[in-house]
Every structure is written in structure tokens, then in C-alpha cells.
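> what shape does this take:
(2 chains)
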There are 2 protein chains.
Amino acid sequence: MRKVFYISDGTAITAEILGHAVLSQFDIDFEQITIPFVETIAKATEVAQQINDGFYDSKPPLVFHSIVDEGIREVIDNCNGISYDFLNTFVAPLEQQLGAKAAPKAHRTHGIANEAYSARIDAINYSLDNDDGISLKHLDNAEIILVGVSRCGKTPSSLYLAMQFGIATANYPFICEDMENLKLPKELKNNKHKIFGLTIDPFRLHEIRTQRRADSKYASLRQCRAEVKEVEMLYRRERIPFIDTTKHSVEEITAKILDISGLKRQMF
Amino acid sequence: MRKVFYISDGTAITAEILGHAVLSQFDIDFEQITIPFVETIAKATEVAQQINDGFYDSKPPLVFHSIVDEGIREVIDNCNGISYDFLNTFVAPLEQQLGAKAAPKAHRTHGIANEAYSARIDAINYSLDNDDGISLKHLDNAEIILVGVSRCGKTPSSLYLAMQFGIATANYPFICEDMENLKLPKELKNNKHKIFGLTIDPFRLHEIRTQRRADSKYASLRQCRAEVKEVEMLYRRERIPFIDTTKHSVEEITAKILDISGLKRQMF
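Modelled structure (predicted):
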């Protein structure tokens, strides 16, 4: 398989994400190698050698990089791989457009030197402390409250909302015992404008629950169908916005939730 | 402030991350607006209008986009903003290099159509279930075990390792009562090769703990100093690799941990 290197003098997360986005437009498998923290010329020279040794089928490796330091960038750009520079491709035209020189500083992208960072950590802690209905006392501090049946995707979505977007997210599960006479608990009613529902295909739910507790009533298709039906009826009755998580990643689910609810994403 | 739009027919997370990385190279504040799921020509036309209305000080808005659909991309590229195309800037040269046409498919970047996705959800669930020493029974299933004093950054790091990199991460706190005769519990000893230590500047720790429990012994500078000292001595005695989290974001901490421990990042 052809080799792809993601390289940066920082975390290499940006290079990885954009490179992955670009390559996913091709139906080709690659061997992907990430090398972060290339912060010295010595290390860069070593990496350039590794790239030069990485030919496959006489084809050069692809090199996606996002390197702030000019000297290090030069070493990587001069290797025998095919280089794609994610940062500078856009920085030069932007300098012209903005009428300002870039003031390159490594680690600025994912550093903690911005005020939003501690709000983000607070959001993560809030979401953990208010996961799975553990506590209903602090819902006033939630920016959004996800609800849904057990295993429909509430917890990963809550954590991603906090981690990626800085949104303090609580979540509350409707459990088997609630189904007989399903309604919103008082604490949720008081924060009804913040509630967002998740739903899921009952058959997929049955599969997921079976992995956890095979052959239980909890995992039975019959039970899954009944719970999803009750909960969707509640959403409609109470006019709670909701989305189906079945075929979507946590990125897609959370981006959709923010889009519908109009909450502003934070950037870090 | 000059306006910046991040636009995509998917989640817009890629456009946001790369745009943010590029703009963070400039010492300028922008008004940032993210518009995901621009999936129809009608919606694109509406967004183009919003961009056309967004001039500031007779300067056009900047538009960073990552749009897979050609028709939608054309509408956005034809607006009066200054367009930067994160996907196609690299797709065309890559087509030539790879000798293959791109097979554009929206939602491929952050979809669940890849096998790694359920491993990622498993890693998130594992990390939650094994947070903060809740359980020491499943350490055999951990890929890495973070240790450190209370509030040094274990939990956000564990969750990020799981969420972003798909690494099943346990974490274990050394608490006040352990300090008298600090050693690794038996369960940790059996998995010693997986242990990675976090440390933190005692003064910063004092600040963080004071926010949680002001004027407690727990938050006192004296206690913070003593705990950090004991724990760092343990790391050295047991030859546990460790890093200082004080000045680093969760992206930097986790990328560094993976770099040092040699664990392979998964991509989603």
C-alpha cells in the first residue's frame, strides 16, 4: 500500500483530519503514518529520511503537513515525497487578502492560551457529572439536555458536544420502568426548551443491547420496539425536537443537534 | 470584525478545524460563523446571500469550505466572499498523482461506514467505565492507563484519547490517603508497561482545586506540593514515563502521550 505521512511541529491533528478528509474522496487504501512534534531540524532530517525510504512500487509517499516553523518545513518539503502544505497553501493568499503578515507561532492551534479553554474543560466536567441522569440538580447549568432510551447514543454525543464544541451537556435516560406512563420528570419540564431527543432504529438498538446483555428482556427486539415507540410518541406530544442516530457518527449527530437548536460552537 | 464563514455539505468540522488553524497564524480577531449541512442548491443560494450581505468596512467575508457536491460548491464559490476550497485545492493534484479520479461522496469523512467506528464507541465506553479508578478489574483491556493526582488532567485526557484516537484508556488517581506510603496497587503493577504518568505544577493544581473546594486541605498549596512531589518520586522510582500537563491542551497532552508510548492513532 502507498504510504501517507501526516507531519507537524505540533500535534499533527489538523494535518491528520484534513488529509483524511481529502483521501476519503478516493476509493484507495493507504498506509497512514502520523509524526507529530517534529520540532527540530535534526528530527525533521530523520523524518525526511524515513519518507525517502518509504517508496512503494516505485511510487513516492504522499506527505501532508501543517508545519509552522519555516526551517523545519523546508527540510520536509525537500524530501522525495509528494508534499502537500495545508497551512501555507492558504496563508500566503490570506496575507494578501488581510493586508497583514502571518505571525507564525507553533502550538497556537491547539494550545491553552485562549480563554475558551477552561470553559471547555468545565463543559467536559459538567457533562461527565451530569451523564445518564446521575444528577438532576444542575440542569439549570446545562446548555442542552439529551434524552432517549438506553444505548441510543446519548453519552458519546454529550461528551463530544463538550469536548469538540464546548457545550455543557446533560443527558437523561428513559428506562424500561418509565414506559408504562411515560412523561418528563419535573426537573426536565423546568428546562424543556433545552431538551433534545435522540431516537434509533429498534433493530439496531436490539443489536447494540444484545452485545451488552444477550438474551435479556432489555435487549429483546420486542422491548426495543416498545421503548422507541413510546419515546417517539413523547417527543411528538411534547414537541421535543429529535433526530435518528442509527446511521450517523457522533460528529454528524452533534453537528446536526447544534444546527437545529441554534447553539453556537466554540472553537479551541 | 471581519466575517469568516466555515461551510460544508457535511458537519463542517473539517472546514472549521483547518480554517481555525490557518487563521490562528494571524493576530487578528474574526467573527466566525459555521454553516454545516448545506445539502441543497436552495440552501446554498440562501447561504451565498448571507455571505453577500456580510461585508464589513467594505471588505468581503472570508469563506472556508469543504464541499463535496459540485453543484453546491459552485454556488458558494460564486458568491462575493473570498473563497478558500480546502478539499479541491488538494483533490485535483492528488488525482493526477494517484492516477485515479476522486469518487466524491458526502459524509464519508465523519460517517460510520468504517469498521473503526464501533471500536471507537467501545473505547469511549471503556474509558468512561474505567475513569477515576472506578474499577480495577478490567485493566487487562486497557491500551493505556493514566495515573496522577486528583485534578491533574486524567479524565479529559482519557476521554480525548478514546474519542479522537480510539484508544481504550483507564485512569487511576493517587489520593491524599495514598501519600504516606505511595506505591502502585497490585492491579496496576500487573499492567505496568501500560502506565503513563501525568504531573502538574503545584501552584496551578492549587488554583484548580481551589475552584472546586476553596480553603480545604485538599486545595492547599502545601498539600498540592506534597502530593506532586511524592507522585513524581514514584514515577522516577518505578521508571514510569510522565509528562507535565500544566501548559498544554488536551490535544497536546494526548498527542504527546501517544508519541512517547508508541500507540497507534486510529482515524475515523
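> pull the contacting residues for A:Asp140.
A:190-191 (CB atoms under 8 Å, 6 or more residues apart in numbering or on different chains). The C-beta positions use only the backbone N, C-alpha and C, and glycine is treated the same way.
> that one and chain B, how far apart?
A:Asp140 sits 19 Å away from chain B, going by CB to the nearest CB, to the nearest Å.
> same thing with A:Gly54?
15 Å.
> can I assume that residue is in contact with A:Leu62?
No. A:Gly54 is not in contact with A:Leu62 according to CB atoms under 8 Å; the separation is 9.7 Å.
> so what secondary structure elements neighbour the helix or strand hosting A:Phe196?
Element membership for A:Phe196 (DSSP states H and E) is strand A:195-199. Applying 3 or more CB pairs under 8 Å, 6 or more residues apart in numbering or on different chains; DSSP states H and E, one finds that strand A:195-199 contacts strand A:144-149, helix A:221-238, strand A:242-244, helix A:250-261.
> so which of these is the most surrounded?
strand A:144-149 (a mean of 26; mean count of other CB atoms under 10 Å in any protein chain shown).
> neighbouring contacts of stretch A:261-268?
Contacts with stretch A:261-268, where a contact means CB under 8 Å, 6+ apart, come from A:110, A:114, A:116-117, A:119-120, A:143-144, A:164-167, A:196, A:241, A:257-258, B:16, B:20, B:32, B:34, B:249, B:251.
> more neighbours, A:Gly54 and A:Leu62?
A:Leu62 (25 against 21; other CB atoms under 10 Å in any protein chain shown).
> quickly list what that one is bridged to.
A:Val4, A:Ile82 (DSSP bridges).
> in the stretch 51-200 of chain A, which ranges drop under the pLDDT threshold?
By pLDDT under 70, the low-scoring segments of the stretch 51-200 of chain A are A:106-115.
> if we go to 80?
A:104-116 (pLDDT under 80).
> got the residues of it near chain B?
Contact residues, the stretch 51-200 of chain A versus chain B (CB under 8 Å from any CB of the partner chain): A:62, A:66, A:68, A:82, A:84, A:86-87, A:89-91, A:93-94, A:97-98, A:100, A:102-105, A:107-112, A:117, A:121, A:124-125, A:128, A:131, A:155-156, A:159-160, A:163-164.
> narrow these to those in helices?
A:89-91, A:93-94, A:97-98, A:117, A:121, A:124-125, A:128, A:155-156, A:159-160, A:163-164 (DSSP state H).
> any of the residues you listed buried? List them.
A:90-91, A:94, A:98, A:117, A:121, A:124-125, A:128, A:155-156, A:159-160, A:163-164 (16 or more other CB atoms under 10 Å in any protein chain shown).
> re the thing from before, what do A:Gly54 and A:Leu62 both touch?
A:3, A:5, A:81.
> the last one is in contact with A:Phe64, isn't it?
So the one you mean is A:Gly81. No. Applying CB under 8 Å, one finds A:Gly81 not in contact with A:Phe64, separated by 9.8 Å.
> so the two - more neighbours on which side?
A:Phe64 (28 against 24).
> tell me the secondary structure at that one.
strand (DSSP: H, G, I helix; E, B strand; the rest coil).
> burial check on the residue lying closest to it once chain neighbours are set aside, number of neighbours?
Spatial nearest neighbour of A:Phe64, excluding adjacent residues (CB to CB, 6 or more residues apart in numbering or on different chains): A:Gly19 at 3.7 Å. When neighbours are defined as other CB under 10 Å, A:Gly19 has 27 of them.
> got a list of contacts for the helix or strand in which A:Gly19 is found?
Using DSSP H and E, A:Gly19 sits within helix A:13-23. With contacts defined as CB under 8 Å, 6+ apart, helix A:13-23 is touched by A:4, A:6-8, A:30, A:32, A:34, A:36, A:64-66, A:84, A:86, A:109-110, B:13-14, B:17-18, B:21, B:66, B:86-87, B:90-91, B:94, B:109, B:164, B:251, B:255, B:265, B:267.
> quick one, what contacts the residue of chain A positioned farthest from its centre?
What lies farthest from the middle of chain A is A:Ser58; by CA atoms, centre = their mean that is 36.4 Å. Going by CB under 8 Å, 6+ apart, A:Ser58 touches no other residue.
> dump stretch A:71-82 to CSV, keeping only the CA atoms.
Extracted C-alpha coordinates of stretch A:71-82, given in CSV (Å, rounded to 0.1, in the frame of the first residue of the first chain):
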residue,chain,number,x,y,z
GLY,A,71,13.3,25.9,8.6
ILE,A,72,11.6,22.6,9.5
ARG,A,73,9.0,23.0,6.7
GLU,A,74,11.9,23.4,4.2
VAL,A,75,13.5,20.1,5.3
ILE,A,76,10.2,18.2,4.9
ASP,A,77,9.4,19.9,1.6
ASN,A,78,12.8,18.9,0.2
CYS,A,79,12.3,15.2,0.8
ASN,A,80,11.5,12.9,-2.1
GLY,A,81,7.8,12.5,-1.1
ILE,A,82,5.0,14.5,-2.7
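> pull out the buried residues from that stretch.
Residues A:72-73, A:75-76, A:79, A:81-82 are the ones in stretch A:71-82 that count as buried (16+ other CB under 10 Å).
> quick check: the closest residue to A:Leu128 other than its chain neighbours vs B:Ile82, distance?
Nearest non-adjacent residue to A:Leu128, counting by CB to CB, 6+ apart: B:Thr155, 6.7 Å away. Using CB to CB, to the nearest Å, B:Thr155 is found at 41 Å from B:Ile82.
> what is in contact with A:Gly81 and A:Phe64 at once?
With CB under 8 Å, 6+ apart as the test, A:Gly81 and A:Phe64 both reach A:Phe5.
> contact partners for A:Thr155?
Contacts of A:Thr155 (CB under 8 Å, 6+ apart): A:131-132, A:171, B:124-125, B:128.
> and which of those residues is nearest A:Glu177?
A:Asp132 (14.9 Å; CB to CB).
> nearest residue to that closest one in space, please, no chain neighbours.
A:Pro173 (5.8 Å).
> now the element after the one helix or strand the one you found maps to, going C-ward?
According to DSSP H and E, A:Pro173 maps onto strand A:169-174. Remark: after strand A:169-174, the chain's next helix or strand is helix A:186-189, criterion DSSP H and E.
> show residues contacting that next one.
Counting by CB under 8 Å, 6+ apart, residues outside helix A:186-189 touching it are A:136-137, A:139, A:145, A:147, A:172, A:195.
> buried residues, that helix. List them.
A:187-188.
> which ones are touching A:Phe165?
A:254, A:258, A:263, A:265-266.
> kindly recompute the last result at 10 Å.
The contact partners of A:Phe165, by CB atoms under 10 Å, 6 or more residues apart in numbering or on different chains, come to A:120, A:123, A:143, A:254-255, A:257-258, A:263-268, B:13, B:16, B:34.
> swap in A:Leu234?
So A:Leu234 contacts A:147, A:174, A:178-179, A:182-184, A:197, A:240, A:242 (CB under 10 Å, 6+ apart).
> now with 6 Å?
A:Leu182 (CB atoms under 6 Å, 6 or more residues apart in numbering or on different chains).
> and for A:Lys256?
Counting by CB under 6 Å, 6+ apart, A:Lys256 has contacts A:Ile243.
> how does chain A divide up, domain by domain?
Chain A breaks down into these domains under automatic domain parsing: A:3-98, A:116-261.
> among these, which is nearest B:Arg209?
domain A:116-261 (13.0 Å).
> secondary structure class for A:Ser216?
coil.
> what is the neighbour count of it?
11.
> go through the shared contacts of A:Gly54 and A:Leu62 and say which is closest to chain B.
A:Gly81 (10.6 Å; CB to the nearest CB).
> which ones are touching that closest one?
A:51, A:60-61, A:63.
> rerun at 8 Å
With CB under 8 Å, 6+ apart, A:Gly81 has these contacts: A:5, A:51-52, A:54, A:60-63.
> by neighbour count, which of those residues wins?
A:Val63 (27 neighbours).
> distance of it from A:Arg73?
11 Å.
> again, but for A:His248
37 Å.
> make CSV from the helices and strands packed on strand A:195-199 and add distance to B:Thr40 to it.
Shown next, in CSV, are these (distance: least, CB to CB, whole Å):
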stretch, distance to B:Thr40
strand A:144-149, 26
helix A:221-238, 25
strand A:242-244, 18
helix A:250-261, 14
